[in-house]
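Q: below is the structure, and that's it, no one-letter string:
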């Protein structure tokens, strides 16, 4: 067994008198998709914000590549190789795909003392990285606004991977997507995993999680209810864990299947 | 799976024709507008309008407005407005005039002081907008009045009660630097052209046009520079990003606050440049200098394809937008049409441009 890229040990987070996280442990291996499941209010968002440097944990430690880290800002987390693709993507619809892809890290060429944006190189890399993810762009200078939701997710993921993310946190990437686009995003996650990147996939859709997940961790009321490997747990069991008990069972019977 | 994705990327995509590619450029509207206005005046105006002298005649006011419009366009693409640029022209004109007449500074020092004052005022505008998160519309509206008031008060203090400061020309006469900010450039070239019989001359053999006003050169230079920055430099990307979605931009590591600060300072410096050019041209400065220019600059930027919401636009568009302005302002005097139609035109152009821009934006983002 290889060592985890990121290990979160007994993370606690208190907001005043509210205990949002009460000792959560979680690890990400290289080349796995680790699903973090939980209903609304379970603490998923707080947990990943701690992992990506937005919040500082009240207790517990974060270990990256065997070294203890304290993240003061999202930039620290990014420098340690932890990239987050948020629900509200960091994409600017009116700008071209290339400009979005390189935003904040534009490649420059020097002409005497003047350095300028190397569009040719930027376009080539963008086209290439996108086609690796299975999206063939018509032209890299088309606006991001013309892409579908799934394709935008893919641009964001491709960008994070290209700039050296070792762990990719995807915050509900499929929640607003249609069936076809969802499967595109799931297949993108599969491609990223094969590159050896660890993926943290946050979702409350058990079927999406089962489709790509290697391990599953369920959060409920700020605590982990345990981590299971693929094949050790069924979709129904996961669903029950997320709902926090049996209430759903009766409801499920009347709905006739998995919610 | 990847086969599927490839197929889905291609199956509904038509080839992009050159025309629909051009349709997506922000400056398209301004170029189309310029063509229309030119055709209109070719039919209605005295043919003198399109002689060399006539063209320079309308290009000079276009250039003075255009320098402001290019600043306004960059700022607008960056997601902010500056309604104080008109008053800034008066205020920096006062600083420039007072530096030379009242404090007896040499021309180069007066120019440096003027630009520094402008940059400082721009920085104050910017800091207030960035730190408070208030709309720049309100903050700079306040400065529209503050700066106009300061110009009046300052002029009276400098002149002992008058709102016009005279005698500036005498202060810079003979300075080598003056040629960069006043008069005409390439004069020997024009004499050569006249001698060769390429351009119209007076009976004495002196050319009717003896050079290109430096205002126009500054205007062209700034338009090229701004376009280069927007399209070819990383900073240009940051401007678009800051205006397009400042949250997403800072998440991606763009120093949004700095970008906006620089843009406010640049816009103010554009106003200072116009002040220096026009004050040196007139030899005096007064409190009404730059009156209502802020609106004209914003209109020229919008005609040039800038979206009021930021994140989209072009400097070349603002360049053409300003030429449309100059053409109509001066062009009407070559026709039998009442000059005051100018204002009607101004409003109509703005309305058409905004509607047009809205349509373009929908095309670009693929909205329906």
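A: Cool, the structure landed. Since the structure is predicted, the reported quantities are computational estimates derived from the model, not experimental observations.

Q: which parts of chain A sit against chain B?
A: A:74-75, A:86, A:88-95, A:99, A:102-106, A:108, A:115-117, A:119, A:134-139, A:143, A:145-146, A:180, A:183-184, A:187, A:190 (C-beta under 8 Å from any C-beta of the partner chain). In short, each C-beta sits where N, CA and C put it, glycine included.

Q: among those residues, the buried ones, what's the ChimeraX command?
A: Buried residues among these (16 or more other C-beta atoms under 10 Å in any protein chain shown), as a ChimeraX selection:
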select /A:74,86,89,90,91,92,93,94,95,99,102,103,104,106,116,117,119,134,135,136,137,143,145,146,183,184,187
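
Q: taking the residues of chain A next to chain B one by one, which sit in strands?
A: A:108, A:115, A:116, A:117 (DSSP state E).

Q: need the worst-confidence member of the residues you listed.
A: Across those, the smallest pLDDT goes to residue A:115, namely 85.

Q: spell out which parts of the stretch 151-300 of chain B neighbour chain A.
A: Counting by C-beta under 8 Å from any C-beta, the residues of the stretch 151-300 of chain B close to chain A are B:228, B:232-234, B:236-238, B:240-241, B:244-245, B:247-249, B:251-254.

Q: apply 7 Å and report the result again.
A: B:232-234, B:237, B:240-241, B:244-245, B:248-249, B:251-254 (C-beta under 7 Å from any C-beta of the partner chain).

Q: once you drop chain neighbours, what's closest to residue B:332?
A: In space, and not counting its chain neighbours, residue B:332 is closest to residue B:339: 5.2 Å by C-beta to C-beta, 6 or more residues apart in numbering or on different chains.

Q: ok and the residue in the stretch 51-200 of chain B nearest chain A?
A: Nearest residue of the stretch 51-200 of chain B to chain A, counting by C-beta to the nearest C-beta: residue B:77, 9.8 Å away.

Q: what is the burial count for that residue?
A: 30 (other C-beta atoms under 10 Å in any protein chain shown).

Q: so who does it touch?
A: B:239, B:240, B:243, B:306, B:310, B:311, B:312, B:313 (C-beta atoms under 7 Å, 6 or more residues apart in numbering or on different chains).

Q: show me the contacts for the residue nearest to residue B:71 when sequence neighbours are not counted.
A: Leaving aside its sequence neighbours, residue B:71 sits nearest to residue B:270 (C-beta to C-beta, 6+ apart; 3.3 Å). Residues near residue B:270 by C-beta under 7 Å, 6+ apart: B:67, B:68, B:70, B:71.

Q: residue A:204 against residue A:37, yeah?
A: Yes. The pair residue A:204 and residue A:37 qualifies as a contact (C-beta atoms under 7 Å) at a distance of 6.4 Å.

Q: tell me the centre residue of chain A?
A: Among the residues of chain A, residue A:170 comes closest to the average C-alpha position under C-alpha atoms, centre = their mean, at 1.6 Å.

Q: what are the ranges of the strands in the stretch 101-250 of chain A?
A: For the stretch 101-250 of chain A, the strands defined by DSSP state E, counting those that start in this stretch occupy A:108-111, A:114-117, A:167-171, A:198-203, A:215-220, A:223-229.

Q: give the buried residues for the last one.
A: Okay, so that is strand A:223-229. Across strand A:223-229, burial judged by 16+ other C-beta under 10 Å covers A:224, A:225, A:227, A:228.

Q: and the spatially closest residue to the first one that is not a sequence neighbour, what's its pLDDT?
A: In space, and not counting its chain neighbours, residue A:224 is closest to residue A:24: 5.3 Å by C-beta to C-beta, 6+ apart. Residue-level confidence at residue A:24 comes out at 88, pLDDT.

Q: and if you look at residue B:14?
A: So residue B:14 comes in at 50 (pLDDT).

Q: repeat that for residue B:260.
A: The model reports residue B:260 with a pLDDT of 97.

Q: equivalent analysis for residue B:3, please.
A: For residue B:3, the pLDDT comes out at 42.

Q: how about residue B:114?
A: pLDDT, residue B:114: 97.

Q: try residue A:247
A: 54.

Q: repeat that for residue B:301.
A: 94.

Q: helix or strand: which one has it?
A: Assessed by DSSP states H and E, residue B:301 sits inside helix B:293-303.

Q: show me which residues of that helix are buried.
A: Under 16+ other C-beta under 10 Å, the buried positions of helix B:293-303 are B:293, B:294, B:296, B:297, B:298, B:299, B:300, B:301, B:302, B:303.

Q: is it true that the third one touches residue B:65?
A: Yes. With contact defined as C-beta under 7 Å, residue B:296 counts as touching residue B:65 (5.6 Å).

Q: what touches both of these two?
A: Residues touching both residue B:296 and residue B:65 (C-beta under 7 Å, 6+ apart) are residue B:325.

Q: quick one: low-confidence residue ranges for the chain.
A: In the absence of a named chain, chain A is used. Chain A contains residues with pLDDT under 70 at A:1, A:87-89, A:244-259.

Q: ah, I was thinking of chain B
A: Where chain B drops to pLDDT under 70, the residues are B:1-24, B:365-368.

Q: now with 50, please.
A: Chain B contains residues with pLDDT under 50 at B:1-13, B:368.

Q: give me the element the residue nearest the centre of it is part of.
A: Taking C-alpha atoms, centre = their mean, the centroid of chain B lies closest to residue B:69, which sits 2.3 Å from it. Element membership of residue B:69, judged by DSSP H and E, is helix B:52-77.

Q: between helix B:293-303 and that helix, find me the angle.
A: 90 degrees (axes from the mean of the first three to the mean of the last three C-alpha atoms, to 10 degrees).

Q: returning to what we had before: quick one: contacts for the residue nearest to the centre of chain B?
A: B:297, B:300, B:301, B:318, B:321, B:322.

Q: and those residues, which is closest to chain A?
A: Nearest to chain A out of the contacts of residue B:69 is residue B:301 (C-beta to the nearest C-beta; 16.0 Å).

Q: burial of residue 50, as a residue count?
A: Since no chain was named, I'll use chain A. 26.

Q: let's do chain B instead
A: 16.

Q: please apply the same query to residue B:42.
A: By other C-beta under 10 Å, the residues close to residue B:42 number 11.

Q: please name the nearest non-neighbouring residue to it.
A: Sequence neighbours aside, residue B:50 is the residue nearest to residue B:42 in space, at 7.1 Å (criterion: C-beta to C-beta, 6+ apart).

Q: quick one: residues contacting the nearest residue to residue B:81 once chain neighbours are set aside.
A: Leaving aside its sequence neighbours, residue B:81 sits nearest to residue B:136 (C-beta to C-beta, 6+ apart; 4.9 Å). The contact partners of residue B:136, by C-beta under 7 Å, 6+ apart, come to B:80, B:81, B:82, B:129.
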